[in-house]
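A.B. asks: any chance you can model this:
(one chain, ligands or ions: 3)
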Amino acid sequence: MKFSLKVCAPAELAADVLAVSVAADGAFSACLAALDAVSGGFFAAQRDAGNFPPKDGVSRLFVNVPNVAASRVVVVRHDGTDAALERATATVQALADESGWGKVGLLLGDGAHAADVMARAAAYAAYRFDAFKSDAGKARKHEWLFVCDHPEKAGVQAALELAHAWALGSAFTRDLVNMPPNVCTPAWLGEQAKALAKAYAPLSVNVLKRKEIEALGMGALLGVAQGSANEPRFIVFEHHPANAQNAQPFVLVGKGVTFDTGGISIKPSAAMDEMKGDMGGAAAVFGALKALCEAELPLYVVGLVAAVENMPDGNAIRPGDILTSMSGKTVEVLNTDAEGRLILCDALTYAARYKPQAVIDMATLTGAMVVALGGVRSGLFANDDALADALFAAGEAARDLAWKMPLDPAYRDMLKSPFADLPNISGSREAGAVTAAAFLSAFVDYPWAHLDIAGSAFKGSTPKGGTGRPVGLLLEFFRNKVV
Ligand code: BES
Ligand code: MN
Ligand code: ZN
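C.D. replies: Residues are numbered from 1 along each chain as shown. Ligands and ions are numbered 1, 2, ... in the order given. Next up is the predicted model:
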């Protein structure tokens, strides 16, 4: 996957196909008008003959267009909104895929913002996870061409470079999420972490094993891990470039449950395969760090990943067990399926040692979040309004949406245990995503935000699998921190 900016007229672009747009009312885009002019009114004649505009989202293919260098021209109708431009790009991508066209000119919109929308939509649609198919690696590799010959071209180039960093980071997140849980174990994630750190100079990593995790006193994390034959890992990344602008780091924390059976509070079997995606928060830490490295952002960012597998076993934790977390707080486990908060509370305690500027955790934490917001927006909880606002705005700008959720003390009051400092679930099913966030809030004493990505990180239907979210939101948040 490659994005290239060409400084030429649309008609001069050498490509297998040139994708241009027409408005709903049939009005030609500037690019289509230019092609029409050089071709001696080819497209006006096609319109007059009733050959377009097509219906919304449908394309028309033209060949042998006079004086146009590209082998083909595809005209797609869209109404100019970002969502329509994304759909139009995906339509072109699918056509290019099935037709075997490699060089695709994306001229469906003009300027830096349109280039950003098209580049990301093309990369998203072109993504394939075929590592376990016998015809692996056969998918067509595209080169996406963009045209700009006016003063905005520096802006277009910058947008393409950032989109490329996002594309590599979010595709990595998707790969990790899609990886089967017999391969993607905590130890395997640790190996991936080492490989990632090796690939980028500003990135280093320390992968802690059970003994070191024990020495840290992470009793809640270890409690979840004890039912699995796959040993836990605690991964500590540091992205610390020489030109870092911030002394106090941002810390990303990811829930890395490589498979969540529910443990002794076992889940029903329907769709349980999707619980391979319960390390989506961890995968977002990996992907965000990769994007940060690719974009060469001068920021000190720490990434923490708590990696465990939640299994039922003779040695597994039981409802009623009391675990002592790294913070010293004791937790009564009333439901072993509320394991994400148990591993995160220890990771959040660990994060405090960095005296962080802000900590952002990401977790596929609750089914209640899926019920509340579905896959459209991630749930955004925070103890700091400025941090919440910055994350919300980053989500809007990157089209990786979030929605602010409450954290009133009254939700924290719903967590009461007669035997320990707090229980891992509240006594009712009400506000399940909020009480989970409230549990986490008991372990933080710094500016903190929690993204519940249970609905947004994984899609159950076509294309089934990881979405790469919220890497776009994070990259935009960090880009805004660079002065
Ligand atoms: N990993 C799940 C949450 C989840 C559900 C993620 C659906 C993605 C899709 C989490 O560990 C879990 O099981 N949460 C429980 C909490 C409950 C026991 C309080 C849930 O949401 O049912
Ligand atoms: Mn669970
Ligand atoms: Zn889980």
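
A.B. asks: for ligand 3, give me its nearest residue in this structure.
C.D. replies: residue 260 (3.7 Å; CB to the ion). From N, CA and C alone the C-beta is placed, and that goes for glycine too.

A.B. asks: just grab the bridge partners of that residue for me.
C.D. replies: Beta-bridge partners of residue 260, counted by DSSP bridges, are residue 310.

A.B. asks: assumed residue 369 was part of a helix.
C.D. replies: Yes. Per DSSP: H, G, I helix; E, B strand; the rest coil, residue 369 lies within a helix segment.

A.B. asks: correct me if wrong: it contacts residue 457.
C.D. replies: No. Using CB atoms under 8 Å, residue 369 makes no contact with residue 457, being 10.5 Å away.

A.B. asks: so if I had to pick from the two, which one is more boxed in?
C.D. replies: residue 457 (31 against 27; other CB atoms under 10 Å).

A.B. asks: the more buried one and ligand 2: what is the separation?
C.D. replies: Distance of residue 457 to ligand 2, computed by CB to the ion, to the nearest Å: 14 Å.

A.B. asks: ok, now which ones touch that residue?
C.D. replies: 177, 277, 280, 281, 283, 284, 364, 378, 466, 467, 469, 470 (CB atoms under 8 Å, 6 or more residues apart in numbering).

A.B. asks: ok, now with 10 Å
C.D. replies: By CB atoms under 10 Å, 6 or more residues apart in numbering, the contact list for residue 457 reads 173-174, 177, 255, 277-281, 283-284, 362-364, 375, 378, 451, 465-471.

A.B. asks: just the ones of the residues you listed in strands?
C.D. replies: 255, 362, 363, 378, 451, 465, 466 (DSSP state E).

A.B. asks: hmm, which two among these are most spread apart?
C.D. replies: Using CB to CB, the pair of those lying farthest apart is 451 and 465, separated by 19.1 Å.

A.B. asks: who in the chain is up against ligand 1?
C.D. replies: 260, 278, 335, 337-340, 364-368, 370, 425, 432, 454 (CB under 6 Å from any ligand atom).

A.B. asks: can you turn the buried part of those residues into a ChimeraX selection?
C.D. replies: Typed into ChimeraX, the next command selects the buried ones out of the residues of the chain next to ligand 1 (criterion: 16 or more other CB atoms under 10 Å):
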select :260,278,337,338,339,340,364,365,366,368,370,425,432,454
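
A.B. asks: filter the residues of the chain next to ligand 1 by proximity to ligand 2?
C.D. replies: Among the residues of the chain next to ligand 1, the ones lying near ligand 2 by CB under 5 Å from the ion are 260, 337, 339.

A.B. asks: where does the stretch 351-483 of the chain have low pLDDT?
C.D. replies: By pLDDT under 70, the stretch 351-483 of the chain contains no weakly predicted segment.

A.B. asks: try 90 this time
C.D. replies: 462 (pLDDT under 90).

A.B. asks: strands of that one, residue ranges please.
C.D. replies: Counting by DSSP state E, counting those that start in this stretch, the stretch 351-483 of the chain has strands at residues 358-363, 378-382, 402-404, 422-423, 448-452, 458-459, 465-466.

A.B. asks: now the stretch 201-350 of the chain
C.D. replies: 203-208, 233-239, 250-260, 301-310, 322-324, 330-332.

A.B. asks: domain map for the protein?
C.D. replies: 2-148, 167-480 (the TED database).

A.B. asks: what's the most buried one of those?
C.D. replies: Mean neighbours per residue, mean count of other CB atoms under 10 Å, is largest over those for domain 167-480, with a mean of 21.

A.B. asks: before we move on, the earlier item: okay, and the common contacts of residue 369 and residue 457?
C.D. replies: 363, 378, 451.

A.B. asks: can you list the residues of this structure near ligand 3?
C.D. replies: 257, 260, 278, 340.

A.B. asks: nearest to residue 146 among these?
C.D. replies: Once CB to CB is applied, the member of the residues of the chain next to ligand 3 that ends up nearest residue 146 is residue 278, at 37.4 Å.

A.B. asks: wait, doesn't the closest one sit right on residue 176?
C.D. replies: No. Using CB atoms under 10 Å as the test, residue 278 is too far from residue 176 to be in contact (11.8 Å).

A.B. asks: for the stretch 51-200 of the chain, which segments count as helices?
C.D. replies: Secondary structure of the stretch 51-200 of the chain (DSSP state H, counting those that start in this stretch): helices at 82-99, 112-126, 153-178, 186-199.

A.B. asks: ok, now the stretch 351-483 of the chain?
C.D. replies: 367-373, 385-397, 409-412, 432-441, 471-481.

A.B. asks: what's the second one packed up against?
C.D. replies: In terms of contacts (3 or more CB pairs under 10 Å, 6 or more residues apart in numbering; DSSP states H and E), helix 385-397 is packed against strand 358-363, strand 378-382, strand 402-404, strand 448-452, helix 471-481.

A.B. asks: which residues touch the closest residue to ligand 2 within the chain?
C.D. replies: Proximity of the chain to ligand 2 (CB to the ion) peaks at residue 337, 3.8 Å away. The contact partners of residue 337, taken as CB under 10 Å, 6+ apart, are 260-267, 275, 310, 319, 367, 424-425.
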